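>>> fold the following.
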Amino acid sequence: MSSLLQAKNVTKSFGGGIFSKEEELIAVNDISLNLEVENPKIIAVAGESGSGKTTLARLLLGLINPNKGSVEYLGKNLKDMKGKEKRDFRREVQPIFQDPYGSYNPFYKVDHVLYSPIKNFKLASKGEEARKMVEKALELVGLVPSETLGRLPHQLSGGQRQRVMVARALLLQPRIILADEPVSAVDASLRATILDSVKKLNKDLGISVIYVTHDLTTAYQISDEIMILYKGVLKEAGPVEVVIKNPKHPYTQLLIDSIPQANPKLKWGKLDISETQELLDQPGLGWRDS
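Model prediction:
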């Protein structure tokens, strides 16, 4: 199968230059990831804060370049893209970030963030056509256009603002959505609604999704495959059912044991990182099918 978006053994480090007093920090160390054209899927990239998952997301979006390895879209290295190729990539690979409020101008109605990409990418020739596109995108994420348009950002709930950003991404007819902690700033009661919207985009529209998260529960709920990162290293990867239900690496087990359980008699979070550092630093297991 042909690759849609592929990271090939990417490494990204910060600091540690000849004139730098800072010690080199390897944020992403020899990571590979592949989304196929013919097989749209949801891949979760999971790990705690500092694991390198957001740096990997920035590499995949072409916001930063790797020190080693490459990121390719339809076989073309991102750092070599220019003109139309780069513009097409920006349209077809859409990010959804953690804090939706930061994407809004508080003095503009939410309509502004929806109509701007239509204008910038010349997706509609008439105002009526643009309006229909906006209304359809809002309906796809479970929002009622008449109750959403014309509002200021603060007049919408956090969940509504985030779903507007998903609708904005949809307007560009993307092939990939990269969602970086899209529900961490949203009330728990609204997370399922947003995640259901993302999953529906994959199943109904064939959009591939890279879901960056620290939350294994939501990763398990919506993902087909999962990658577990720790200190920039891939510790374990494979089908989500295999990795979560039968973890092999101590770090994956630590994350699972740290999930609170409904039964107060059950002990959770029983692994102490300080006492198990040697186990956590064991080499990654790579891809697992069983």
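
>>> pretty sure Lys136 sits in a helix.
Yes: assignment of Lys136 by DSSP: H, G, I helix; E, B strand; the rest coil places it within a helix.

>>> what's the neighbour count on it?
13 (other C-beta atoms under 10 Å). C-betas here are computed from N, CA, C, even on glycine.

>>> for Gly69, same thing?
Using other C-beta under 10 Å, Gly69 has 16 neighbouring residues.

>>> just Lys84 next, same as before
Lys84 has 8 neighbours, counted by other C-beta under 10 Å.

>>> quick check: it vs Lys126, distance?
Separation of Lys84 from Lys126 (C-beta to C-beta, to the nearest Å): 24 Å.

>>> Ile177 too?
Noted for Ile177: a distance of 27 Å to Lys126, by C-beta to C-beta.

>>> contacting residues for Gln173?
Gln173 makes contact with 91-92 under the criterion C-beta atoms under 8 Å, 6 or more residues apart in numbering.

>>> the chain should start at 620 in everything you say after this.
In the new numbering, first residue 620, that becomes Gln792.

>>> avg pLDDT for stretch 672-687?
The pLDDT scores in stretch 672-687 average 96.

>>> for stretch 725-732, same thing?
Stretch 725-732 comes out at a mean pLDDT of 92.

>>> Val629 contacts Ala676, correct?
No: between Val629 and Ala676 there is no contact, the gap being 11.7 Å when judged by C-beta atoms under 8 Å.

>>> what about the two, which has more around it?
For Val629 versus Ala676, neighbours defined as other C-beta under 10 Å are more numerous around Val629 (23 against 20).

>>> three-state assignment of that one?
Val629 is classified as strand under three-state DSSP.

>>> what does the pLDDT read for it?
Val629 is assigned a predicted lDDT (pLDDT) of 98.

>>> and it, how far from Ile650?
Distance, Val629 to Ile650, by C-beta to C-beta: 5 Å.

>>> dump the residue contacts of the residue nearest to Val783 when sequence neighbours are not counted.
Of all residues not flanking Val783 in the chain, Val729 sits nearest, at 5.5 Å (C-beta to C-beta, 6 or more residues apart in numbering). Contacts for Val729 (C-beta under 8 Å, 6+ apart) come out as 723, 767-768, 770-772, 775, 780, 783.

>>> what of Ala749?
Contacts for Ala749 (C-beta under 8 Å, 6+ apart) come out as 734, 737-738, 742-743.

>>> report the two of these separated the most.
Between any two of the contacts of Ala749, the greatest separation by C-beta to C-beta is 10.0 Å, found for Tyr734 and Leu742.

>>> the more surrounded of those two?
Neighbours per residue (other C-beta under 10 Å) separate Tyr734 from Leu742, with Tyr734 holding more: 20 against 15.

>>> which stretches of this structure form helices?
Along the chain, the segments classed as helices by DSSP state H run 672-679, 702-711, 730-739, 746-759, 764-767, 777-790, 807-824, 835-841, 859-864, 869-876, 896-899.

>>> what's the closest of these to Phe633?
helix 672-679 (8.5 Å).

>>> give me the contacts around the closest one.
624, 626, 629, 631, 646-647, 650, 652, 664-666, 683-685, 690, 712, 714, 797, 799-800, 829, 831-833, 848, 851.

>>> again, only using 6 Å
The contact list for helix 672-679, computed with C-beta atoms under 6 Å, 6 or more residues apart in numbering, reads 629, 631, 646-647, 664, 666, 683, 685, 690, 797, 799, 831, 848.

>>> for PyMOL, write a command that selects the buried ones of these.
A single PyMOL command selects the buried members of the contacts of helix 672-679 (16 or more other C-beta atoms under 10 Å):
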select buried, resi 629+631+646+647+664+666+685+690+797+799+831+848
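
>>> from the contacts of helix 672-679, pick the one nearest Leu814.
Taking C-beta to C-beta as the measure, Leu814 lies nearest Val831 of the contacts of helix 672-679, at 13.2 Å.

>>> what about the closest one, distance to His731?
Counting by C-beta to C-beta, the separation of Val831 from His731 is 26 Å.

>>> min pLDDT across the contacts of Val729, which one?
Tyr723 (84).

>>> what about that one, how many residues close to it?
Using other C-beta under 10 Å, Tyr723 is surrounded by 20 other residues.

>>> surely it is in contact with Pro772?
Yes: counting by C-beta atoms under 6 Å, Pro772 is a contact partner of Tyr723 at 4.0 Å.

>>> understood, closing this out.
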